[in-house]
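S.K.: Below are the sequence and a predicted model for it; my questions follow.
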Amino acid sequence: MVRSKLSKLSPKSDWKLFGGRIPPELAKAVRILSINKDISVQDLMIEALMDVLMKHGEKPPKKL
């Protein structure tokens, strides 16, 4: 299992659980990408959320 590189930056007690329901096909595609790129699913989700914030003109937090 791939360990999160970003999660090493802050203690987990500072992090918030954030989730939702997604189609199984999307979940499978993200897991496959995670394995192929050797990046944790958590890091992929953080990257995606940062991209969404920027797409909508919001500044993502600098500190993770």
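M.R.: Structure received. Numbers count the residues shown, from 1 in each chain.
S.K.: and residue 26, helix, strand or coil?
M.R.: helix (DSSP: H, G, I helix; E, B strand; the rest coil).
S.K.: before we move on, what SS does residue 36 have?
M.R.: Counting by three-state DSSP, the backbone at residue 36 sits in helix.
S.K.: so where do the helices sit in this protein?
M.R.: For the chain, the helices defined by DSSP state H cover 24-37, 41-55.
S.K.: which of those helices is buried the deepest?
M.R.: Mean neighbour counts were taken over these using mean count of other C-beta atoms under 10 Å, and the top value, a mean of 14, falls to helix 41-55. No exception for glycine: its C-beta is placed from N, CA and C like everyone else's.
S.K.: I'd like to check the angle between it and helix 24-37, please.
M.R.: Orientation check (axes from the mean of the first three to the mean of the last three C-alpha atoms, to 10 degrees): helix 41-55 against helix 24-37 gives 110 degrees.
S.K.: Off-centre distance for helix 41-55?
M.R.: 6 Å (C-alpha atoms, centre = their mean, to the nearest Å).
S.K.: still on that earlier bit, in JSON lines: the helices of the chain, plus distance to residue 18.
M.R.: Listed next are the helices of the chain as JSON lines, based on distance: least, C-beta to C-beta, whole Å:
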{"stretch": "helix 24-37", "distance to residue 18": "15"}
{"stretch": "helix 41-55", "distance to residue 18": "8"}
